[in-house]
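Engineer: need a structure here:
(one chain, ligands or ions: 3)
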Amino acid sequence: MACVIIVGTQWGDEGKGKIVDLLTERADAVVRYQGGNNAGHTVMFGNKTFVTHLIPSGILSKTTSILGNGVVIDLAELIKEIEELEQLGITVDNHLHISDRAQLVMPWHKTFDRLGEEQKGKNKIGTTGRGIGPAYKDKIGRSGIRVGDLLDLEHFRCRLEELVVENNLLLEHLYKSSEKPFSIEQIFAEFTTFLKKLKPYICDSTLLINKLIEQDKNILFEGAQGTFLDVDHGTYPFVTSSNTLAGGACAGAGIGPTRITDVLGIVKAYTTRVGSGPFPTELFDEDGDLLRSEGQEFGATTGRPRRCGWFDALLVRQAVRLNGVTGMAIMKLDVLDKFETLKIAVGYRLSDGELSENLPRSLENITPVYEEMPGWNCKTAGITDYKKLPLEMLAYLKRLSELVGAEVSIISTGPKREESIDLNPNNLWN
Ligand code: GDP
Ligand code: IMO
Ligand code: MG
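Structural biologist: Ligands and ions are numbered 1, 2, ... in the order given. Purely as a prediction, here's the structure:
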């Protein structure tokens with residue numbers, strides 16, 4: 001039995017989807033435990049590329065795929081994703097399970113995400129606009145609707161009547177919007193149709209997951225976003241609204257911490273970020289442009305160009321601590337193929353001149369202190385034999401590992417499943 005959490009160690013988009021897909025070969029189930037369709041996890045198989053937003057990336061291997069209670073679900077988008085998979089010849093029947101405790105993203109959540117950002121103006125968070133923040137706000141405020149509420153349509157309608165009145169008041173008076181008010185009839189009709197399509201998948205996912213654990217099955221927990229988008233430990237308020245850390249898997253899937261056997265930290269060989277917020281090693285020069293073009297750094301959900309910068313060892317070292325990382329997958333090393341020199345942030349010069357090797361409370365107004373290493377300056381894209389990796393790359397990997405305090409378990413040299421070197425394939429699965 002193994003319960004392995006896959007967690008992003010930076011600001012998301014580290015390559016979690018690729019690794020989940022790679023490891024799914026040995027997994028009996030894959031579980032999403034937080035976030036919603038703000039996530040965009042890219043999987044390349046054969047010559048096809050698919051981006052999952054809500055459904056766990058294991059679905060492409062037709063593995064049992066579970067949307068846990070900690071996820072916020074936009075049912076219309078979920079149905080769209082199911083249909084896109086069907087077009088690829090992948091049916092979700094018998095594989096998909098949706099927690100009856102997961103929260104619904106309602107139409108007002110999406111509207112308030114957009115209007116809230118507009119109101120914030122230059123202080124906007126740069127959200128994905130998927131209604132994630134407002135949906136979690138209502139969950140914590142006990143004004144949410146859960147997937148299971150739909151199973152009793154009379155009860156659902158009562159909740160809807162109450163909440164539509166409340167949210168129309170917010171629309172008019174708080175957001176001062178002249179947009180069409182939310183309609184009980186329209187939403188009820190839409191959600192009744194969603195229920196018809198999704199009812200077979202709705203279940204108590206905690207029972208299912210715990211039963212799989214009792215049967216000694218291998219389960220992957222697919223984190224979304226990354227450590228520094230965590231609502232507690234990230235660059236608040238420029239974060240998402242869930243606990244993205246490995247710890248979030250327990251509450252978001254309904255399993256005890258004693259069940260977790262490994263935490264695989266997904267680490268991009270440099271750093272990217274989408275949306276607003278501090279980013280100490282961000283590059284605004286041609287090196288940044290080269291990272292963006294070589295790494296195809298454009299958002300998988302919104303298409304926005306990602307901000308790019310050097311590897312930040314302070315960030316990833318903190319992520320190793322916060323998540324209890326037991327091994328790392330180092331991603332996108334091939335993107336560095338054209339660099340003569342690589343830089344790694346090993347310290348921060350704070351605004352008062354002090355040098356820090358730990359993360360200060362705020363990452364604003366910081367000057368990174370860099371260590372330089374020679375690049376390999378040759379093509380490594382697609383290499384699958386460890387012995388063929390250039391010495392400079394091995395030295396870079398060794399230094400990253402030393403600086404962040406965790407072992408490298410997987411090396412990724414391209415977006416495809418097979419463009420990977422698993423240094424110890426039996427490690428995770430006991
Ligand atoms: P996720 O959100 O963590 O799953 O990551 P995304 O899918 O948003 O972004 C990662 C991007 O990098 C995707 O386009 C992947 O196909 C791509 N990718 C993953 N691993 C590698 C790699 O080792 N090399 C290259 N060149 N691309 C990679
Ligand atoms: P994956 O799972 C990168 C960012 C947004 C914004 C902030 C808040 O693909 O790694 P939200 O819509 O969640 O309220 O936006 O979080 N963000 C992500 N950035 N990868 C993601 O997911 C992200 N999900 C949210 O850009 O800055
Ligand atoms: Mg992504």
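Engineer: and for the residue in the stretch 301-430 of the chain that ligand 3 sits nearest to, the neighbour number?
Structural biologist: Closest contact between the stretch 301-430 of the chain and ligand 3, by C-beta to the ion, is at residue 301 (6.6 Å). Backbone N, C-alpha and C define where each C-beta goes, glycine included. Neighbour count of residue 301, defined by other C-beta atoms under 10 Å: 18.
Engineer: which phi and psi values does the residue lying closest to residue 420 once chain neighbours are set aside adopt?
Structural biologist: Distances taken as C-beta to C-beta, 6 or more residues apart in numbering place residue 412 nearest to residue 420, at 5.2 Å, with adjacent residues excluded. Note on residue 412: its backbone torsions stand at phi -120, psi 130 [degrees, to the nearest 10].
Engineer: which helix or strand contains residue 66?
Structural biologist: Element membership for residue 66, per DSSP states H and E: strand 64-67.
Engineer: which other helices and strands does that strand contact?
Structural biologist: strand 29-32, strand 96-99, helix 205-214 (3 or more C-beta pairs under 8 Å, 6 or more residues apart in numbering; DSSP states H and E).
Engineer: thinking again about what came up before, wait, what's in contact with the residue nearest to residue 420?
Structural biologist: Each residue near residue 412 by C-beta atoms under 8 Å, 6 or more residues apart in numbering is listed here: 15, 18-19, 329-333, 419-421.
Engineer: re the thing from before, which one of the helices and strands packed on strand 64-67 has the most crowded surroundings?
Structural biologist: strand 29-32 (a mean of 28; mean count of other C-beta atoms under 10 Å).
Engineer: touching ligand 1 at all, that strand?
Structural biologist: No - under the criterion of C-beta under 6 Å from any ligand atom, strand 29-32 makes no contact with ligand 1; the nearest approach is 11.8 Å.
Engineer: partners of that strand, with directions?
Structural biologist: The pairing partners recorded for strand 29-32 under DSSP bridges are strand 64-67 (parallel), strand 218-222 (parallel).
Engineer: now tabulate the ones you listed in CSV and tack on mean pLDDT, distance to residue 107 and mean neighbour count.
Structural biologist: Shown next, in CSV, are the strands paired with strand 29-32 (pLDDT from 0 to 100; distance: least, C-beta to C-beta, whole Å; neighbours: other C-beta atoms under 10 Å):
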stretch, mean pLDDT, distance to residue 107, mean neighbour count
strand 64-67, 98, 20, 26
strand 218-222, 98, 27, 28
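Engineer: can you check what pLDDT the model gives residue 48?
Structural biologist: pLDDT, residue 48: 89.
Engineer: how many other residues sit next to it?
Structural biologist: Residue 48, neighbours per other C-beta under 10 Å, totals 9.
Engineer: am I right that it is in contact with residue 90?
Structural biologist: No - counting by C-beta atoms under 8 Å, residue 90 is not a contact partner of residue 48; they are 10.3 Å apart.
Engineer: how far is the helix or strand that contains residue 169 from where the chain is centred?
Structural biologist: Per DSSP H and E: residue 169 is located in helix 153-169. Chain-centre distance of helix 153-169: 31 Å, with C-alpha atoms, centre = their mean, to the nearest Å.
Engineer: buried ones in it, by neighbour count?
Structural biologist: Buried residues in helix 153-169, defined by neighbour count with 16 or more other C-beta atoms under 10 Å: 156-157, 159-160, 163-164, 167-168.
Engineer: quick one on the thing from earlier: okay, the helices and strands packed on strand 64-67 in TSV with mean pLDDT next?
Structural biologist: Shown next, in TSV, are the helices and strands packed on strand 64-67 (pLDDT from 0 to 100):
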stretch	mean pLDDT
strand 29-32	98
strand 96-99	98
helix 205-214	98
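Engineer: cool, thanks, signing off.
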